[in-house]
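Q: sequence unavailable; structure follows:
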């Protein structure tokens, strides 16, 4: 027997959801994963030490680029335009807002933390606890529209991290060398570029505002490649987030003397 229907034709269902699977598990895992990253990031930012290994030119990604006069000698590859403002304003503060702005306004991350932290909604076909929906039309959520501009900043940061990776091919005698840290930095920068270029803003930048793809074969080819990456945007978002934390932790352990960097050659 069919359920009574309202004037709009929708069934009246008293339960919050009819789903019987573990729909709560993905938002819970997302909540734990993002919370762990935020806690680690805050600790590392205000720890403000053990981020530069001069023997191998390893610079922790959380501190790159290091633009403050508080940066340790040798870690500032692009100068020190900002003064030392004390422990309340460590070097990462000058760059992290742009990186976080790109992540926070990312289409995938919006879905992730809307569900995991705000339960808006917690999952598909599950009622949310909020009485009304206002979308992204008011402050602060209206700032989500700035995602395309954060994309340009993220491109610059990815380029800087690429430079960091290139100079990390430093041997113990000053020549070319490769250590475990070098390999990790290469993997990290590849994942960061893949995540950045798989962004919806990048896809629109390459293939948007065109009426005929046939008249723009190069842009169409690029658009197909970015579209393929875009289909893996969620996976790349998590992998790049984990790789940034892993490389940062590795550099911290090497810089602190807790571990030594295994050298593959030289």
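A: That came through, no problem. Note that this is a predicted model, so its numbers are computed, not measured.
Q: show me where the stretch 151-266 of the chain has helices.
A: With DSSP state H, counting those that start in this stretch, the ranges of helices along the stretch 151-266 of the chain come out as 180-197, 200-207, 217-230, 233-256.
Q: out of those helices, flag the one nearest residue 29.
A: Closest to residue 29 of those is helix 233-256 (Cβ to Cβ; 10.2 Å). Every C-beta, even on glycine, is put in place using the N, C-alpha and C of the backbone.
Q: angle of that closest one against helix 217-230?
A: Angle, helix 233-256 to helix 217-230, by axes from the mean of the first three to the mean of the last three Cα atoms, to 10 degrees: 70 degrees.
Q: helices and strands around helix 233-256, which ones?
A: For helix 233-256, the elements it packs on are helix 25-47, strand 52-53, strand 58-59, helix 107-118, helix 180-197, judged by 3 or more Cβ pairs under 8 Å, 6 or more residues apart in numbering; DSSP states H and E.
Q: re earlier: to residue 92, which of the helices of the stretch 151-266 of the chain lies closest?
A: Taking these one by one with Cβ to Cβ, helix 233-256 is closest: 10.1 Å.
Q: re the thing from before, deepest of the helices and strands packed on helix 233-256, which one?
A: strand 58-59 (a mean of 30; mean count of other Cβ atoms under 10 Å).
Q: other residues contacting the next helix-or-strand element following that strand?
A: From strand 58-59 onward toward the C-terminus, using DSSP states H and E, the following helix or strand is helix 96-104. With Cβ atoms under 8 Å, 6 or more residues apart in numbering as the test, helix 96-104 has contacts from 41, 45, 62, 109-110, 113, 146-147, 150-151, 153-154, 157, 196, 237, 241.
Q: can you give me how far helix 96-104 is from the chain middle?
A: Centroid displacement of helix 96-104 relative to its chain, using Cα atoms, centre = their mean, to the nearest Å, is 8 Å.
Q: quick thing: my sequence starts at 828, can you match it?
A: Got it, first residue is 828 now, which makes that one helix 923-931.
Q: what's the closest of the helices of the stretch 978-1093 of the chain to residue 854?
A: Nearest of the helices of the stretch 978-1093 of the chain (Cβ to Cβ): helix 1060-1083, 13.7 Å.
Q: what angle do the closest one and helix 923-931 make?
A: Using the same axes, to 10 degrees: helix 1060-1083 against helix 923-931 is 150 degrees.
Q: thinking again about what came up before, switch the helices of the stretch 978-1093 of the chain over to TSV; also include distance to residue 991 and mean pLDDT.
A: Rendered in TSV, the data for those read as follows (distance: least, Cβ to Cβ, whole Å; pLDDT from 0 to 100):
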stretch	distance to residue 991	mean pLDDT
helix 1007-1024	7	97
helix 1027-1034	22	92
helix 1044-1057	23	95
helix 1060-1083	10	97
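Q: can you list these in TSV and add distance to residue 903?
A: Conversion of the helices of the stretch 978-1093 of the chain to TSV gives the following (distance: least, Cβ to Cβ, whole Å):
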stretch	distance to residue 903
helix 1007-1024	18
helix 1027-1034	29
helix 1044-1057	33
helix 1060-1083	15
